[in-house]
Structure formats: C-alpha cells, structure tokens
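> my questions are about this predicted structure, shown below with the sequence.
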Amino acid sequence: MGFVTATGRACINFLTATGRLVIFAGVAVSHIVRPPFYSRLVVRQIIEIGFYSLPVVGLTAIFTGMVLALQSYTGFARFNAESAVATVVVLSITRELAPVLAGLMIAGRIGAAMAAEIGTMRVTEQIDALSTLSTNPYKYLVAPRLVAGVVMLPCCVLVADIIGVFGGYLVSVYKLGFNANMYIKNTVQFLEFIDVFSGLVKAAVFGFLISLMGCYHGYYSKGGAQGVGSATTNAVVSASVLILGCNYLITEAFFSR
Amino acid sequence: MTKVPKKIVIRELKNSFGSKQVLSGLNLDVFEGESLVIIGASGTGKSVLMKNIVGILRPNSGSIKIDGEECVNVTNNVREKISRKLGMLFQGAALFDSLRLWENVAFGLISLKISGREEARLKAIDHLKKVGLSETDADRYPSEISAGAQKRVGLARAIATNPEILFFDEPTTGIDPIMGEIVDGLIVSSVRSLGATALTITHDMDSARRIGDRIAMLYGGKIVWIGKTEEIDSSRDGFIQQFINGQVDGPMAGLITENSSV
C-alpha cells in the first residue's frame, strides 16, 4: 500500500510540476509579444548569452572537430575510406555535435546563472518589489531571457560549426597529411542547406529550453541559499535532459524517412 | 466635523498555507491620510496581511477594497492600476542588486513612464538627498552600502512615484536603534509631505509609537485590539499588556510555545 501511495504521489507531483511549467512557459511567451518591451534588457541578455559564451563554445567546438577528425581517420583507415573524413566531420558537427555540445555548455553556464540570479531575487523579495513597482516579473525577467536564448543559441552554433570544421581541418591537414584543397572541396561538396539549418533549428529550441528552465527554477525557488542552490542544479539538469530528448525528436522530424 | 473616508477596507480576509490558517476572517479599516501600525508577535501573519493588500499573495476568501475598488480576484490590468497608487518599503529593502542606487529609486518613474531616463535620474538623486544620501552615492550598487543606507534607499524608491498609500514592512528590523530612529523620522516626514496613507507592520514598539497615529494588534489571524497610539500604554487589554511588556505568560502563551518549538 505504501508503494502505491508513493507512486501515486510521485505521479501527481510530476503532473503538477509539468502543468505549472507549461503555464509558466505560456504566460512568459505571451509577454514576449505584448508591450511594453524592455529592449535594453534583451540587449543585455544577448550580450550575456551570446558574446560571453563564445569562448567556451569555441573551445568546445575546436576540440570536438579535432577529435572527430582523428577518430574518423583511425576508424575509416581500416576499410580505406579516409577520404570520407571531411564529410563526416562537417555533417557530424553541423547536424549534431555543435548544437548539442554548445547547448549543454551554455545550459551549464547560462541556465545556472539565470536560476541563481532569479532565485536570489525571489528569496530577497526583489521579485515582489517588481510587482509593487507595477512591473510584471514575467515581462521584465523572463521574456528578455527567452528572446535572447532563442536568438543567440543559433548564432553561437553557427560559430561553433565554423570553428568545429576548422578544428577538423587543422588535424586532417597538419597532422594526418590531407591535401588542404581536397579537404575543403570534400567538406563543401556533400554539405547541404538542411544540414546547417536543422542544427540552427535545434539551437533555437535548445536556447528556449535553457532560458525557460533557468527562469522557471529560479522563479519558484524558496528557502534561502539552499533553495537557490537546488534551483541552480535543477535548472542545469532539466535543461540538459530536455536538450538530449528534444535533439532526438528534432532529428527524427528532419531526417526520418 | 468632516468624516474621513476609508482608504482601505478589509472584510473577512482568510488566508492559509496548507493546514496552517494564518488569517482567519480579518476585518480592518484604514482611513485616508492616517498612519496605522500593525503590531504582533512573529508568525502571526503581519507580513501575510500586507502582501495580500499589495497583491503579492492571493487570499483564500474575503474582500480588500482600496478607494472602494475591489482588489481580490481582479484582472491584471485592474491590479496594475491599483499598484500605481502603492509604494512599499520591504523588510530587507529588496533593492535590485544589478542596478545602481539611482536606477533603483528611478525604477518606478521609468517603468510607469512618469519621466524619461535623464529626468528620472535627477529626480532620483533629489530623493536620495532627501533620505540623507549624497549625489556621489547615486552611482553605487546596493552591495556597496550598509543595511541602514539600503533601508533609506528603499524608502526613497517607495516614495519616488508619489504613491497614495505607503507600506512599511518591519522598517527598523536589522538596523541599529539610532539608524532606526532616523528611518522612522524619514518615514513620518515622507508620509506627511506626500499626504499619503501609511500602513506599517512592526514588532518594535518604539518604532510603532513614533510612526503610528493608530495601532492595531494582530493575533490568531484577527485584529484583537485597535486604538490611538497614545491609548496603548493605558490599555488593559491582555494581548497588548503581554506584548508591550514582553511577558511570556498571558493570552499569547500558546503561540509563543508553538513558535519556539519550530
């Protein structure tokens, strides 16, 4: 009986939390399109999410591209398919690795920061203060972060695409002895618009999810420092899991035949 | 003698958190232009009452009217219209720590489009001077000033939009007695100069005597005593006697035991 009760309670809690998240997302999105618009805050978040994430995204991308080239080469060499390295690198980077790895890195950096900032505002009554100053917290805190996340993640992923492919080029040409012109030709030859586009769509969805989870967990944090700590952890973990789950669904939508 | 209109009318207000009934059918009238102080032991629901009035919390049932307009279960637009009449000083000041002091004070002026950014800055500096801070402090951040100074900035922010009703949540908690008296003085002068109605919650009796025209005592989710400030010391009410004399024994002994066992 205890097991049934516990399972029932867990199910109800899960459904309650899901419903609350969906309502939170719906209200937040509705505030994106309704005035007043806080363009100054959107620009600030764009700089925070996009510009300041570039170093970590760039480093992740270049090492991923380098490792991918090396691994593909050693694998493909077993059946004399070394010429496919450039194509494998560019397709893997643009379709999967750049959006997913950039998403996970930014979830760790930005999702945590958003949850901590908004969570601290919650426990120190700053969000209540916003309400008393006739300012809607969804509009002031959540909407600018959602917009910045959706806009800037694709930009970061585009940069990651270029740097990741460049990382593969460096290893292939300077370590593995590929001809530079041939490598570039092979890279471009089999690359299609949909490969890059699907990655950018994934990035926009991941950007939305990262901002949403950061804001949601921060907004509902309670209990002082411990509550803010939990909110931060939950924001990163839930955003990461959602990124991986949605990655499969979007891939299925784009490439399933 | 002219009859003073009621600014805030609260009827049968109930609010509970889980199984804990915090407000249980509270009734209260606040008259226009008066300064009412609500006293009570910790955990009696003073902050909950204030948060219900300003719209941060929603009551389970009951009515709150400001200028005759219902504030419970209203649309966001109505709530926002009512909020424009209110200003609040929070217990911990609740300054926005990502904004400079002048931006904190000017926040309402800018968001309500009362002033442009440059004009709002000048007005904010003026308000900061009124509460004893200098123009050079205006560009500092809240983390760079003391708790007492934060309270004063919070007060400047609360009065910046010339609200009709001011709320003060434990204005002297967390600051030394000298600074407490300074903050109380600033509250009294600000309320008088604005001609505003003020509602303060505190458990600091010195502060209550300095700020209030009337004092109300909250216990068991209801107002158990209300009267003029000068009447409180001569009151024979058991709750008042126990509270102002800080006695452990009395009608509130049950609450004290309950709070101390948590």
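Okay, I see it.
> please identify the helix or strand for the residue positioned nearest the centre of chain A.
Taking C-alpha atoms, centre = their mean as the criterion, residue A:103 is the residue nearest the geometric centre of chain A, at 2.6 Å. Using DSSP states H and E, residue A:103 sits within helix A:98-106.
> would you say residue B:36 is within a strand?
Yes: in this structure, residue B:36 lies within a strand as judged by DSSP: H, G, I helix; E, B strand; the rest coil.
> what does the stretch 151-262 of chain B put close to chain A?
By the criterion of C-beta under 8 Å from any C-beta of the partner chain, the positions of the stretch 151-262 of chain B lying close to chain A are B:157, B:161, B:167. Quick note: C-beta positions are derived from backbone N, CA and C, even for glycine.
> so which of these wins on neighbours?
Among those, residue B:157 has the most neighbours (other C-beta atoms under 10 Å in any protein chain shown), with 32 neighbours.
> spit out the contact partners of the closest residue in space to that residue that isn't next to it in sequence.
Across the structure, with C-beta to C-beta, 6 or more residues apart in numbering or on different chains as the measure, the residue nearest residue B:157 apart from its sequence neighbours is residue B:105 (4.9 Å). With contact set as C-beta atoms under 8 Å, 6 or more residues apart in numbering or on different chains, residue B:105 has these partners: B:123-124, B:127-128, B:153, B:156-157, B:160.
> of those, which is the most crowded?
When these are compared by neighbour count (other C-beta under 10 Å), residue B:157 ends up highest, at 32 neighbours.
> next helix or strand past the strand or helix carrying that residue?
Secondary structure assignment for residue B:157, by DSSP H and E: helix B:147-159. Scanning the chain past helix B:147-159 towards its C-terminal end, the next helix or strand to appear is strand B:165-169 (assignment: DSSP H and E).
> with only the CA atoms kept, save that next one in CSV.
The C-alpha atoms that make up strand B:165-169 are tabulated as CSV, following Å, rounded to 0.1, in the frame of the first residue of the first chain:
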residue,chain,number,x,y,z
ILE,B,165,-0.6,54.6,0.1
LEU,B,166,2.8,53.6,1.6
PHE,B,167,3.5,50.2,3.1
PHE,B,168,6.4,49.7,5.5
ASP,B,169,7.4,46.1,6.4
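> quick one on the thing from earlier: rebuild the contacts of residue B:105 as JSON lines, extending it with pLDDT.
Shown next, in JSON lines, are those (pLDDT from 0 to 100):
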{"residue": "B:123", "pLDDT": "93"}
{"residue": "B:124", "pLDDT": "93"}
{"residue": "B:127", "pLDDT": "90"}
{"residue": "B:128", "pLDDT": "91"}
{"residue": "B:153", "pLDDT": "93"}
{"residue": "B:156", "pLDDT": "91"}
{"residue": "B:157", "pLDDT": "93"}
{"residue": "B:160", "pLDDT": "91"}
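> hang on, the earlier thing: the helix or strand just after the helix holding residue A:103 packs against which elements?
As assigned by DSSP H and E, the chain's next helix or strand after helix A:98-106 is helix A:112-123. Where contact means 3 or more C-beta pairs under 8 Å, 6 or more residues apart in numbering or on different chains; DSSP states H and E, helix A:112-123 is packed against helix A:126-132, helix A:193-219, helix A:225-255.
> who touches helix A:112-123?
Under the criterion C-beta under 8 Å, 6+ apart, residues A:48, A:126-127, A:141, A:145, A:211, A:213-215, A:217-225, A:227-228, A:231-232, A:234-236, B:96-98 lie in contact with helix A:112-123.
> buried ones among those residues?
Buried residues within the contacts of helix A:112-123, counting neighbours by 16 or more other C-beta atoms under 10 Å in any protein chain shown: A:48, A:126-127, A:141, A:145, A:211, A:213-215, A:217-221, A:227-228, A:231-232, A:234-236, B:96.
> still on that earlier bit, chain center to the helix holding residue B:157: distance?
Going by C-alpha atoms, centre = their mean, to the nearest Å, the spacing between the C-alpha centre of helix B:147-159 and its chain's C-alpha centre is 13 Å.
> compute the inter-axis angle for it and strand B:165-169.
Note on geometry: by axes from the mean of the first three to the mean of the last three C-alpha atoms, to 10 degrees, helix B:147-159 and strand B:165-169 are set 160 degrees apart in direction.
> report how many residues lie close to residue A:16.
As a burial measure, the neighbour count of residue A:16 was computed by other C-beta under 10 Å and equals 10.
> oh sorry, the question was meant for residue A:226
Neighbouring residues of residue A:226 were enumerated by other C-beta under 10 Å; the total is 11.
> do the same with residue B:192
With neighbours defined by other C-beta under 10 Å, the count for residue B:192 comes to 12.
> and it, how far from chain A?
Separation of residue B:192 from chain A (C-beta to the nearest C-beta, to the nearest Å) stands at 21 Å.
> tell me the helix or strand right after the host helix or strand of that residue.
With secondary structure defined by DSSP H and E, residue B:192 is part of helix B:177-194. Along the chain past helix B:177-194, the next helix or strand (assigned with DSSP H and E) turns out to be strand B:197-202.
> list the buried residues for the following helix or strand past that following strand?
Beyond strand B:197-202 on the C-terminal side, the first helix or strand identified by DSSP H and E is helix B:205-211. Residues of helix B:205-211 classed as buried: B:205, B:207-211 (neighbour count, 16+ other C-beta under 10 Å).
> just checking, what packs against the helix or strand just after helix B:205-211?
Toward the C-terminal end, the helix or strand that comes next after helix B:205-211 (DSSP H and E) is strand B:214-219. If you count contacts as 3+ C-beta pairs under 8 Å, 6+ apart, strand B:214-219 packs onto strand B:35-39, strand B:222-228, helix B:238-245.
> to residue A:181, which of these lies closest?
Distances from residue A:181 to each of the helices and strands packed on strand B:214-219 were compared using C-beta to C-beta; the shortest belongs to strand B:35-39, at 81.1 Å.
> can I get the closest one in PDB, CA atoms only?
Written as PDB, here are the backbone C-alpha positions of strand B:35-39 (Å, rounded to 0.1, in the frame of the first residue of the first chain):
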ATOM      1  CA  SER B  35      -0.700  56.200   9.700                       C
ATOM      2  CA  LEU B  36      -1.700  52.800  11.000                       C
ATOM      3  CA  VAL B  37       0.800  50.500  12.600                       C
ATOM      4  CA  ILE B  38       0.000  46.800  13.000                       C
ATOM      5  CA  ILE B  39       1.900  45.000  15.800                       C
END
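> is the helix or strand that it is followed by anywhere near chain A?
On the C-terminal side of strand B:35-39, the closest following helix or strand by DSSP H and E is helix B:46-54. Yes: residues of helix B:46-54 contacting chain A under C-beta under 8 Å from any C-beta: B:51, B:54.
> identify each buried residue in stretch A:21-33, please.
If you call a residue buried by 16+ other C-beta under 10 Å, then stretch A:21-33 has these buried ones: A:21, A:24-25, A:28-29, A:31-32.
> and residue B:153, how far from residue B:131?
Separation of residue B:153 from residue B:131 (C-beta to C-beta, to the nearest Å) stands at 7 Å.
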